[in-house]
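**Student:** Fold the following and give me the result.
(chains A, B, C and D)
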4 protein chains.
Amino acid sequence: MRKSLEPSHDPAAYAFAHRLRTRFAETDAMGIIHHAAYLAYLEEARVAYLRDLGHPYGEVRTGGLDIAVLEVFVRYHRPLHFDEEVEVRLMAGGVTRTTFQIAYLLTVGDEMRANAVTVHGCVDGRGRAARLPLWVGEIFGG
Amino acid sequence: MRKSLEPSHDPAAYAFAHRLRTRFAETDAMGIIHHAAYLAYLEEARVAYLRDLGHPYGEVRTGGLDIAVLEVFVRYHRPLHFDEEVEVRLMAGGVTRTTFQIAYLLTVGDEMRANAVTVHGCVDGRGRAARLPLWVGEIFGG
Amino acid sequence: MRKSLEPSHDPAAYAFAHRLRTRFAETDAMGIIHHAAYLAYLEEARVAYLRDLGHPYGEVRTGGLDIAVLEVFVRYHRPLHFDEEVEVRLMAGGVTRTTFQIAYLLTVGDEMRANAVTVHGCVDGRGRAARLPLWVGEIFGG
Amino acid sequence: MRKSLEPSHDPAAYAFAHRLRTRFAETDAMGIIHHAAYLAYLEEARVAYLRDLGHPYGEVRTGGLDIAVLEVFVRYHRPLHFDEEVEVRLMAGGVTRTTFQIAYLLTVGDEMRANAVTVHGCVDGRGRAARLPLWVGEIFGG
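**Tutor:** Okay, the predicted model is just below:
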């Protein structure tokens, strides 16, 4: 287990916030958002963050690198419901030569709904682990 | 609209049957299987059919062709529920030089739940329409 | 088949437009947005339209009615790709005592990507067909 | 973080195995199975396990309880690809008065592809935490 970041419960600790609205297609028969949908929310927030940083994921990919997901950890505090507006805050850290981590806080209004951490590594066109691009260390490191 | 097949309500009219079990992740807050999940069921049945015919989709794809979905039509008669075993029957037809169609009947026990038709065309590695492989006409035409 | 609406290719023919961005989770191994994801896009646009009309779907549901999907028809003209901004235009019509239809046009910039029609009916808490609420006829009917 | 189980890499350490085949709809533009799809695989395996134990999830739910997901942890070792047959092994443990945990090993042939742990709690019809049913402690507890 590589996860080392601990996701803060304090919204002010995060570098970026992305807002999305839950979909009916993401609900389940318990009447809440299915737990797997959160992974798409985290990903959508990561993509928005990279775009905001000037490194859109599409460009990263056409540069011959892919950012693979190595680990995912989600803690579900209170359920999300259909048609709620969710604030997904995130911050990066835990940078090594080949991996970095992102911590997340999901809130609706003032209410915490979930925390998460994802661990990522770069892979080349053949799926082999590759060193991170320089900008990752510059922006997410130290 | 290219769809010309009319999906029969008679199970005996179909060439192949694939059985699957609905997942909890596919339910929605109405307590039934979400209507979008059916498209994955149709696709899973197509893949099983191609494998059964000796033309697994993975081989079709490594041969440089992809089978694109051009049209989808689904009629939902009665809902599917969590953990039901669904029989997806299918038959091919409507073959032209560049397209073919598949009709589907979804049943649980003796009960019809849905019908569907999908229209397909081949595309090459750059996404351009391509002639169908010979075996498609040989097997589906006729 | 109840579908009677014909989705116009003219953006000006539509009553409402909803913008969304495709997700990486919605791509497939052909490098395009998987065809099943479009159904979630149509639904998201319907929900936004109902909200805009002052009849949010959440309220419709707590009023004891659900809006079921009876038929879906999608025509895929050109693929959608990851991280594209899609305009989903829609208009309602084809109102009967128990069903109504919605036609859709999906564009990216000036380029048509897909058309669709969905047919809907109301069901009560036990899943039985119910008459449409008055506002549906008033707003969507001729 | 409640997760305390450590998923073994040894297939023999697991109590139950469920086999499934990856779907094309679950692939992404990296040409592999999208990481969110694994959560549906874990859930499908849990449902199969409960059925095998004589406590089908549908009955648990009609008994007025739902089994909520409190935490999810997945480690992706090597990617899954389209049309692979995956063995999802699982074992339960970490039982407290209100929670239990399940550890998973995903393999294709002899090759480990992923590990996972999920933490669960029971909730009543109003979404409040409830004591676990007796059989959970009897079967999963020490």
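
**Student:** Distance-wise, check the residue sitting furthest away from the middle of chain A relative to B:Gly31.
**Tutor:** Within chain A, A:Ala29 marks the point farthest from the mean C-alpha position, 25.9 Å out by C-alpha atoms, centre = their mean. Going from A:Ala29 to B:Gly31 by C-beta to C-beta, to the nearest Å gives 5 Å. C-beta here means a position set from N, CA and C on the backbone, and glycine is covered the same way.

**Student:** So what's the residue count around the closest residue in space to A:Gly121 that isn't next to it in sequence?
**Tutor:** Nearest residue to A:Gly121, sequence neighbours excluded (C-beta to C-beta, 6 or more residues apart in numbering or on different chains): A:Thr99, at 4.7 Å. Counted with other C-beta atoms under 10 Å in any protein chain shown, the neighbours of A:Thr99 add up to 19.

**Student:** Ok, A:Arg2 next?
**Tutor:** 15.

**Student:** Could you find the closest non-adjacent residue to it?
**Tutor:** A:Val119 (4.9 Å).

**Student:** Likewise for A:Gly31?
**Tutor:** B:Ala29 (4.8 Å).

**Student:** Wait, that neighbour touches A:Thr22, no?
**Tutor:** No. Counting by C-beta atoms under 8 Å, A:Thr22 is not a contact partner of B:Ala29; they are 10.5 Å apart.

**Student:** Quickly list what's touching both of the two.
**Tutor:** A:Phe82 (C-beta atoms under 8 Å, 6 or more residues apart in numbering or on different chains).

**Student:** Name the spans of chain A whose pLDDT lies under the cut-off.
**Tutor:** Scanning chain A for pLDDT under 70 picks out A:142.

**Student:** in its sheet, what does the lengthiest strand in it sit against?
**Tutor:** Secondary structure assigned by DSSP state E gives strand A:111-123 as the longest strand of chain A. Applying DSSP bridges, strand A:111-123 is found paired with strand A:66-76 (antiparallel), strand A:99-108 (antiparallel), strand A:129-130 (antiparallel).

**Student:** Alpha carbons of that strand, as CSV, please.
**Tutor:** What follows is strand A:111-123, C-alpha atoms only, in CSV (Å, rounded to 0.1, in the frame of the first residue of the first chain):
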residue,chain,number,x,y,z
GLU,A,111,-21.6,18.8,5.0
MET,A,112,-18.8,16.4,4.4
ARG,A,113,-19.9,13.4,2.4
ALA,A,114,-16.7,11.6,1.6
ASN,A,115,-12.9,11.6,1.6
ALA,A,116,-10.6,9.9,-0.8
VAL,A,117,-7.0,9.4,-1.9
THR,A,118,-5.8,8.2,-5.2
VAL,A,119,-2.2,7.1,-6.0
HIS,A,120,-1.0,7.6,-9.6
GLY,A,121,1.9,6.6,-11.7
CYS,A,122,2.9,7.4,-15.3
VAL,A,123,3.0,4.7,-17.9
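
**Student:** Tell me the residues of chain A that contact chain C?
**Tutor:** A:23-25, A:39-40, A:43-44, A:47, A:56-58, A:82-83 (C-beta under 8 Å from any C-beta of the partner chain).

**Student:** so of the residues you listed, which ones are in helices?
**Tutor:** Per DSSP state H, helices hold the following members of the residues of chain A next to chain C: A:39-40, A:43-44, A:47, A:57-58.

**Student:** and which of those is nearest D:Asp124?
**Tutor:** Distances from D:Asp124 to those, taken as C-beta to C-beta, are shortest for A:Leu39 (27.0 Å).

**Student:** Does the closest one touch D:Leu39 like I think?
**Tutor:** Yes. Here A:Leu39 reaches D:Leu39: they are 6.8 Å apart, a contact under C-beta under 8 Å.

**Student:** Chain B contacts on chain A?
**Tutor:** A:24-25, A:27-29, A:31-32, A:34, A:36, A:82.

**Student:** Could I get those residues in CSV, plus columns for distance to D:Ile67?
**Tutor:** Shown next, in CSV, are the residues of chain A next to chain B (distance: C-beta to C-beta, whole Å):
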residue, distance to D:Ile67
A:Phe24, 23
A:Ala25, 22
A:Thr27, 17
A:Asp28, 12
A:Ala29, 12
A:Gly31, 14
A:Ile32, 13
A:His34, 13
A:Ala36, 15
A:Phe82, 21
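
**Student:** Counting neighbours, which of those residues comes out on top?
**Tutor:** That'd be A:His34 among these, by other C-beta under 10 Å, with 26 neighbours.

**Student:** And that one, how far from chain C?
**Tutor:** Distance, A:His34 to chain C, using C-beta to the nearest C-beta, to the nearest Å: 13 Å.

**Student:** cool, and A:Phe73?
**Tutor:** Counting by C-beta to the nearest C-beta - A:Phe73 and chain C are separated by 18 Å.

**Student:** so what's that residue up against?
**Tutor:** Contacts of A:Phe73 by C-beta under 8 Å, 6+ apart are A:3, A:116-118, D:1, D:3, D:71-74.

**Student:** Likewise for A:Ala29?
**Tutor:** With C-beta under 8 Å, 6+ apart, A:Ala29 has these contacts: B:24, B:27-29, B:31-32, B:82, D:61.

**Student:** how about a cut-off of 6 Å?
**Tutor:** B:27, B:31, B:82 (C-beta atoms under 6 Å, 6 or more residues apart in numbering or on different chains).

**Student:** Validate this expectation: it resides in a helix.
**Tutor:** No. Counting by DSSP: H, G, I helix; E, B strand; the rest coil, A:Ala29 falls outside a helix, being coil.

**Student:** close enough to count as contact, A:Pro7 and A:Ala114?
**Tutor:** No. Using C-beta atoms under 6 Å, A:Pro7 is not in contact with A:Ala114; the gap is 9.2 Å.
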